[in-house]
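# Give me the fold of what follows.
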Amino acid sequence: MATRQVALISAFALLLGVFLARLPVTIAAMSAADDWPAAMTEVRRLIADRYVEPVDEDKLIQDGIHGMTESLNDPYTEFVPPADREAFEKDLTGQFVGIGATINTRDQWLSIVYPLEDSPALRAGLRPGDLVKTIDGQTTFEKSPDDCIARIKGPAGTPVTLQIERQENGETRTIEVTLKRAEINSRSAKGYRFDIERARWDHVIDPERAIAYVRLTQFTPGTAQQLKAAIRAAAPKNAPTSQPRGLILDLRDNPGGLLDEAIDVVSLFLDQGIIVSTKGRGARQEFTRAKAGAPFRDLPIVVLVNDSSASASEVVAGALADNNRALIVGTRSFGKGIVQRVEPLRTLPGAQLKLTEQRYYLPSGRLLHRSDDSKVWGVDPSPGFYAPLTDEQRLATLKARRAMETIRPAGAPAEGGYTFETQPSAPIYGPNARWTDPHWLREELGERQLALALDALQQRLRGTDWPAPAADAPTPSQQASVMASTEIMRLERARERFLREASRFERRIIALQDGDLAAANAKRPTPPSDLWPDSINVTGGKLTVTDKEGHAVATLDITGPDLERWLLDADVKPDFAAPPASPARTAAPPTTDKPPPHQDAPKRP
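Numbering: from 1, shown residues only. The predicted structure follows:
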């Protein structure tokens, strides 16, 4: 009996010891319920210690941080690791150390697109189209631009030697150029062309009427001062005021930048009224107002914007529009109306977090930012000055701008391969260039929006007010409807591309399952481009589905116009042998010069 009691007491003591030993862990687990920060640390430790293969803990943590930012569903909030800080700050400030040239690859070699103003590359005579064969003796063949940039970069004042291959007078020359690296401050205020003799941008696009043109590429430190200097430089000689008679401010494709610089730009033209307001979570709405003393408060302005004008550029355009200080020409802007701050991470030296904290509001109270449920956003063109571009017109505009802004050192051919494609005999720098003529800008250069801006400003200077919209120009409500329709078409095209890509995936799956791609394609023929004539409106009609024997299995009401587009990618094809359902709804029979409906070109691009 005594032995049995001793055994029971020993077992109880052992269990009690185990319980007491586990008690702190149990209490800790109970008290740490939903302790996600601790869970993250624990998961990281378990993976680092026990995963089947060794892991890179730094990458593990970095990917975890990226996961947190991505969960916000905000493409503008991002984690900048130490390795990316230099490139991030270069984009933010426009400052870097190098030779000062825009580069690309051509025929698998590094190529000079054009040198930047006031740069070692420009002073050394590098030209557009030069091939860089070697960098300090190392070939650039099949090297990526990033690899080449890494070789070109280095401390300011140190030399770098480039072997250049150049086409000149029909012959190929190879020369060696040694440049000294320097700190490059990329200018954000550009003119309509670069005057190589005076080594500066030409901002006077219409000398007779003293109209200036300035394109701001982004808002970096000093942008407002660069703009102010450009406007002053465009003033006529002996003018009573040190300013031109009119200004075209081109903000197309300007992605934004520093809010303070945008406010300073508006302050050049506006001496009263609200510039912008900001509001964030738990913070009162803050208003930034113009102050007296704007140096160009009476200068007539036309602002060019498009669907790639974003953020700070929208603040400028919106402030000038809402305060009746400028005419807005182009298309609705992008709709990026958020305030972001860059916070250095104390626990990870060199790392930064770009965090969205507030949203912008225009002086009218309109929210700039575009979200998935937005019906309006950004900045709209002035009534009657909405100027959308087709894809071909957009391409022509980009080509014209590249030709306008390409810097050609002394001795470089004027054409340089950058003539306007439809007029190869009339380079934009040649004697036939007519920058003061809106018709030439539109028809020869392909700059439809710039032509409209220049024409409006010329009419304004001939009279006392801006020209009235053309007789056939849409009203404000019609313009808003057109812009909404344009956005719907853009989204529908994107959706259709997505659906067609999904269909392609499905065919690939079938091919892999069958083991024979050709057989799979034979089983699933290319879908037709048309199922019924465009003139037929099926909305309100009915769709009857039958089985193989012809028995009706479902009758569906057609509630919208999109049925045909959905059926084009479905497992159906038109049966032209079947009798029409109703003679009244049958298209005219095909003639010899008009193909049947199923052979027509696709209705949508």
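
# So A456 sits against P469, correct?
No - in this structure A456 lies outside contact range of P469 using CB atoms under 8 Å: 10.0 Å. Just so you know, the C-beta spots here come from the backbone N, C-alpha and C atoms, and that holds for glycine as well.

# These two - which one has more neighbours?
Neighbours of A456 and P469, each counted by other CB atoms under 10 Å, are more numerous for A456; the result is 23 against 17.

# What does that one show for phi and psi?
phi -60, psi -40 (degrees, to the nearest 10).

# do you know how far it is from A326?
11 Å (CB to CB, to the nearest Å).

# what sits in contact with each of these two?
Common neighbours of A456 and A326 (criterion: CB atoms under 8 Å, 6 or more residues apart in numbering): V302.

# Against S382, how distant is Q479?
Q479 is 9 Å from S382, where distance means CB to CB.

# so what's in contact with A456 and P469 at the same time?
What both A456 and P469 touch, as defined by CB under 8 Å, 6+ apart, is the set F385.

# Which helix or strand contains I488?
Assessed by DSSP states H and E, I488 sits inside helix 476-514.

# buried stuff in that helix?
Neighbour-count burial for helix 476-514 flags Q479, A480, M483, E487, E496, I510, A511 (criterion: 16 or more other CB atoms under 10 Å).

# next one: stretch 331-345
Buried residues in stretch 331-345, counted by 16+ other CB under 10 Å: T331, R332, S333, F334, G335, K336, G337, I338, V339, Q340.

# Make CSV out of those residues and add secondary structure and pLDDT.
Listed next are those as CSV, based on DSSP: H, G, I helix; E, B strand; the rest coil; pLDDT from 0 to 100:
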residue, secondary structure, pLDDT
T331, coil, 94
R332, coil, 94
S333, coil, 95
F334, coil, 93
G335, coil, 93
K336, coil, 93
G337, coil, 91
I338, strand, 90
V339, strand, 86
Q340, strand, 87
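
# rewinding a little: which one among the buried residues of helix 476-514 gets closest to T555?
Nearest to T555, judged by CB to CB, of these is E496 at 27.1 Å.

# Quick check: pLDDT value at the closest one.
Note on E496: pLDDT of 83.

# Surely it is in contact with R565?
Yes - assessed by CB under 8 Å, E496 is found in contact with R565 at 6.8 Å.

# Tell me where the protein is predicted with low confidence.
Counting by pLDDT under 70, the ranges of the chain that qualify are 1-33, 94, 196-197, 408-431, 514-529, 569, 576-605.

# Secondary structure class of S111, three-state.
At S111, secondary structure determined by DSSP: H, G, I helix; E, B strand; the rest coil is strand.

# And for G293?
State at G293, reduced to three classes by three-state DSSP: coil.

# Ok, D271 next?
coil.

# Distance check, the nearest residue to it once chain neighbours are set aside against A570.
In this structure, D271 finds its nearest non-sequential neighbour in A294, 3.9 Å apart by CB to CB, 6 or more residues apart in numbering. Counting by CB to CB, the gap from A294 to A570 is 61 Å.

# So the two - more neighbours on which side?
Each of A294 and A570 has its neighbours counted (other CB under 10 Å); A294 has more, 17 against 9.

# residue contacts, the spatially most central residue of the chain?
The chain has S308 as the residue nearest its centroid, 5.4 Å off, counting by CA atoms, centre = their mean. By CB under 8 Å, 6+ apart, the contact set of S308 is R252, D253, N254, P255, F334.

# 7 Å - rerun?
Contacts for S308 were tallied using CB atoms under 7 Å, 6 or more residues apart in numbering; they are R252, D253, F334.

# that older thread, the helix holding I488 packs against which elements?
On a contact count with 3 or more CB pairs under 7 Å, 6 or more residues apart in numbering; DSSP states H and E, helix 476-514 meets helix 517-523.

# The same query, at a cut-off of 10 Å, please.
With contacts taken as 3 or more CB pairs under 10 Å, 6 or more residues apart in numbering; DSSP states H and E, helix 476-514 sits against helix 517-523, helix 563-568.

# Can you point out the buried residues in the last one?
Which is helix 563-568. By neighbour count with 16+ other CB under 10 Å, helix 563-568 contains the buried residues L563, L567, L568.

# Excluding chain neighbours, give the residue nearest to the first one in space.
Think L563. Take L563 and drop its neighbours on the chain: the residue closest to it by CB to CB, 6+ apart is V538, 6.1 Å away.

# Also the second one?
Leaving aside its chain neighbours, L567 sits nearest to L531 (5.9 Å; criterion: CB to CB, 6+ apart).

# partners of Q340 in the sheet?
T356 (DSSP bridges).

# roughly how far apart are it and A124?
38 Å.
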